[in-house]
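# Return a 3D structure for these sequence lines:
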Amino acid sequence: MHKKYLLYLCLSWILYIPVFAQNTSPAISDKARKYYEQAEPLMLARKFDQAIAVLNKAVEKEPAYAEAYYRLGNIHELLQNDTKAQENYARSVELKPNHKPFIAAYYALGNIALRKGEYEQAKNYYESFIELKPARPAQFAEARRNLANCLFALEAKKHPLPFSPKPLSKTVNKFALQYFPVLTADQQTLIFTARDTLATNDDENLYVSYLKNGEWTSPVSLSTGINTPENEGTCSISADGRTLVFTSCKGRESFGSCDLFVTYKVGDDWSMPINLGGKVNTSSWESQPSLSADGRTLYFTSDRRGGYGKRDIWMSQMGEDGVWGVAANLGTEVNTPDDDLSPFIHVNGATLFFSSKGHLGLGGFDLFATERTGQNTWARPKNLGFPINTHDDQVSLFVTADGKKGYYSHEEKRGRQYLSSILHEFDIPEQIAVAHTSNYLKGTVYDAKTKQRIGAKIELFNLNTGNMDALMQADRKTGEYLTVLTQGSSYALYVNKEGYLFKSLYFDVNQKKEFEPLVLDVYLEPVRSGAKDILNNLFFATGEYKLEDKSKTELDKLVKFLNENKTLRMEISGHTDDVGKDADNMELSKKRAKSVYDYLVSAGIQESRLTFAGYGETQFVAPNTSDKNRQLNRRIEFKVL
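Residues are numbered from 1 along each chain as shown. From the prediction side, this is the model:
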């Protein structure tokens, strides 16, 4: 950044020198002119303080010396002193309004006013600049875009959203700077980046805090294997808190200046971080990762070639082989010719929040949200509105699974120097709430016979689409698992482990009302003669035996299980409740079992490995005293023979 700033200074001097050579105020005294002329060689020699001193003397001699004020505005703008630049530019155009040689003053005044949130003033300056017909096309285009931002901001301020952010406790905000907060889906674990001092070159590390009895614990270093004497920056955590992707810029084997690394939690320990590889990382800058709920889709920011702007948002997906695929740009609906960064994918997998300078906003970086419309297509981003967005930069946002809370860091700066960065939370206004909220299902996987905790593969299928929405692992030491369910879908969840019958579970969250988190322990039956379980995701119309289309997910799962266990023989059995005649129930249960049997045979399973039977209402699992119990009794089971 320092080199870029010096280059900016040099280029700016070249651009401004022709203007400095002009003096169109004939009534100016010789003494004032002499001071004015002394400034130019001092400026070229980069003796800025001396140049300012002689120009101040010039305006002391001639308070109406517009060119001297204009030149003072130039210097203060280059030194990033907005207040002084604004004062002097404003005086120059006040003395000589619409003066063509002062055209850049209107542009600069518009930029300064926009940065300060003075939208009406900025609007007027940009309009004057455009009317003067600037010769530089880039500045003209930028002025038009910023004028549109001013008009948008003035309208947005007429319709403020309810927004009352509160800082997290001082227990958490104990560092000089803390930022980029992320939480697990159950909102029990908070991870963020922090620095001990305000110096921008100070060491960044990752810290973790846990929610205990409604209070956040004092943050501790996430792991000595993750944090090093070099910078470990922005990170993202999977919904279950067991996959972490973070940014590392030095001290590790990398492809470029900053790369993304992944680490996995087993029990209480994090694995050694691994570079995500050349399909994700390049020789350019990669940072600001955001993981999907299951940790298998990654969004991140990069300034690599092939993008549409300065920094763009990219995405990579992990294949079933565990290898990350080639990163793809999110396209022009999200990315602009300017900076687009800090992606956050909500656990619903459909809502993407990000920060941008290129979309219509209130100045600087604003926060936006967009909805997925296809595999890699997105709806037009929506500005989150005022006062969530202001003239200051809003760079990152985390929204909880239930869509109720937002977390971010509120930063205060003086120029480029950070004064503070404090973690805050706020209630998400209804006007910008996610379309589909989510909640979590968690529990522990056990061996049904020994009651020992075991690891297992968890698959979550969306029965509305037939697609697998998530693939994850229950911890191999603790057996703990966590997955996310999102409103608007019904789900088939499978818990799998070699040597065990798979567990089939069904969840319907199509309803619009809020739903509570679910805790469900899973007991897997070891494969042995007599072992049986229920197929919970087979669907029939009332009184019918023809399988509905959404049963295919479960049927294919059963085919796969039998193909993986080629020596097993299996009975498919149908069961009903006590409603209706006994004989009719017996016949219906047999026909339903036969439908499953027929599907398996048509899928290539040998008939000799399969039998089917109908038991009607004779083998109930719950008394037929309620609708809920009767639903439990209406079932299809599979049993090892």
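# Next, count neighbours for the residue nearest to residue 555 when sequence neighbours are not counted.
Here the nearest residue to residue 555 in space, its sequence neighbours aside, is residue 599; by C-beta to C-beta, 6 or more residues apart in numbering that works out to 5.0 Å. For the C-beta atoms, the positions are set from N, CA and C on the backbone; glycine is no exception. Taking other C-beta atoms under 10 Å as the criterion, the count of residues near residue 599 is 20.
# Next: residue 637.
Neighbour tally, residue 637, other C-beta under 10 Å: 18.
# Residue 527 and residue 640, how far apart?
6 Å (C-beta to C-beta, to the nearest Å).
# Could you pull out the buried residues of stretch 281-294?
281-282, 284-294 (16 or more other C-beta atoms under 10 Å).
# Kindly report the same for stretch 591-599.
591, 592, 593, 594, 595, 596, 597, 599.
# Average pLDDT for the helix or strand containing the third one, rounded please.
Residue 593 is part of helix 582-602, with elements assigned from DSSP states H and E. For helix 582-602, mean pLDDT rounds to 97.
# do the same with stretch 462-470
90.
# so how far is the first residue of that stretch from its last?
9 Å (C-alpha to C-alpha, to the nearest Å).
# same check, this time on stretch 75-91
End to end - C-alpha to C-alpha - stretch 75-91 spans 15 Å.
# before we move on, the earlier item: flag every buried residue along the next helix or strand after the helix holding residue 593.
Next in sequence after helix 582-602, counting helices and strands by DSSP H and E, comes strand 610-614. By 16+ other C-beta under 10 Å, the buried positions in strand 610-614 come out as 610, 612, 613, 614.
# Could you do stretch 241-260 as well?
241-249, 254-255, 258-260.
# Next, give me the two most distant ones among these.
Among these, the pair separated by the greatest distance (C-beta to C-beta) is 241 and 255, at 27.5 Å.
# returning to that earlier point: now render the buried residues of stretch 241-260 as CSV, adding pLDDT and secondary structure.
Below are the buried residues of stretch 241-260 laid out as CSV (pLDDT from 0 to 100; DSSP: H, G, I helix; E, B strand; the rest coil):
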residue, pLDDT, secondary structure
241, 96, coil
242, 96, coil
243, 96, strand
244, 97, strand
245, 98, strand
246, 97, strand
247, 96, strand
248, 94, strand
249, 90, coil
254, 89, coil
255, 91, coil
258, 93, strand
259, 96, strand
260, 97, strand
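# can you tell me which of these lies nearest to residue 47?
The nearest member of the buried residues of stretch 241-260 to residue 47, counting by C-beta to C-beta, is residue 249 at 35.8 Å.
# Leaving out sequence neighbours, find the closest residue to that closest one.
Residue 249's closest residue in space is residue 258 (C-beta to C-beta, 6+ apart), at 4.2 Å.
# now residue 351
Nearest to residue 351 is residue 434, by C-beta to C-beta, 6+ apart, at 4.7 Å.
# One more: residue 164?
residue 426 (6.3 Å).
# What mean pLDDT does stretch 72-87 get?
The model assigns stretch 72-87 a mean pLDDT of 95.
# Now do the contacts for residue 241.
Counting by C-beta atoms under 8 Å, 6 or more residues apart in numbering, residue 241 makes contact with 184, 189, 265, 482.
# Repeat the analysis, applying 10 Å as the threshold.
182-186, 188-189, 191, 208, 265, 295, 475, 480, 482 (C-beta atoms under 10 Å, 6 or more residues apart in numbering).
# okay if I get these as a markdown table plus secondary structure?
Below are the contacts of residue 241 laid out as a markdown table (DSSP: H, G, I helix; E, B strand; the rest coil):
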| residue | secondary structure |
| --- | --- |
| 182 | strand |
| 183 | strand |
| 184 | coil |
| 185 | coil |
| 186 | coil |
| 188 | coil |
| 189 | strand |
| 191 | strand |
| 208 | strand |
| 265 | strand |
| 295 | coil |
| 475 | coil |
| 480 | strand |
| 482 | strand |
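# And the residues you listed, which of them are buried?
Buried among the contacts of residue 241 by 16+ other C-beta under 10 Å: 182-186, 189, 191, 208, 265, 295, 475, 480, 482.
# which stretches of the stretch 201-350 of the chain form strands?
Secondary structure of the stretch 201-350 of the chain (DSSP state E, counting those that start in this stretch): strands located at 205-212, 215-216, 220-221, 232-237, 243-248, 259-266, 269-270, 274-275, 286-291, 297-302, 312-317, 328-329, 340-345.
# Neighbouring strands of the first one in the sheet, and parallel or not?
It refers to strand 205-212. strand 189-195 (antiparallel), strand 215-216 (antiparallel), strand 220-221 (antiparallel) (DSSP bridges).
# From residue 481, how far off is residue 63?
Residue 63 is 75 Å from residue 481, by C-beta to C-beta.
# For those two, indicate the residue with more neighbours.
residue 481 (25 against 11).
# Was I right to think the more buried one contacts residue 473?
Yes - contact between residue 481 and residue 473 holds when scored by C-beta atoms under 10 Å: they sit 7.7 Å apart.
# tell me, what's touching those two both at once?
240, 242, 445, 455, 456, 457, 458.
# Which ones among the residues you listed map onto strands?
445, 456, 457, 458 (DSSP state E).
# So which of those residues is surrounded by the most neighbours?
Top of these by neighbour count (other C-beta under 10 Å): residue 445, with 28 neighbours.
# Spit out the contact partners of that one.
452-458, 473-476, 478-481, 495-497, 500, 503, 521-524.
# Those residues, buried ones only, as a PyMOL selection?
Burial among the contacts of residue 445 is assessed by 16+ other C-beta under 10 Å; the matching PyMOL selection reads:
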select buried, resi 453+454+455+456+457+458+473+474+475+479+480+481+495+496+497+500+503+522+523+524
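# Would you map out the domains in this structure?
2-156, 175-432, 436-526, 528-641 (automatic domain parsing).
# lowest-confidence stretch among the ones you listed?
Across the domains of the chain, the lowest-scoring stretch is domain 2-156, with a mean of 87.
# what's the offset of it from the middle of its chain?
Distance of domain 2-156 from the chain centroid (C-alpha atoms, centre = their mean, to the nearest Å) equals 39 Å.
# Ok, stretch 329-337 next?
On C-alpha atoms, centre = their mean, the centre of stretch 329-337 falls 15 Å from the chain's centre.
# re the thing from before, between residue 527 and residue 640, who's got more neighbours?
residue 640 (18 against 15).
# Could you measure from the more buried one over to residue 620?
Taking C-beta to C-beta, one finds residue 640 at 22 Å from residue 620.
# same check, this time on residue 90
Residue 90 is 85 Å from residue 620, by C-beta to C-beta.
# Ok, residue 566 next?
Residue 566 is 33 Å from residue 620, by C-beta to C-beta.
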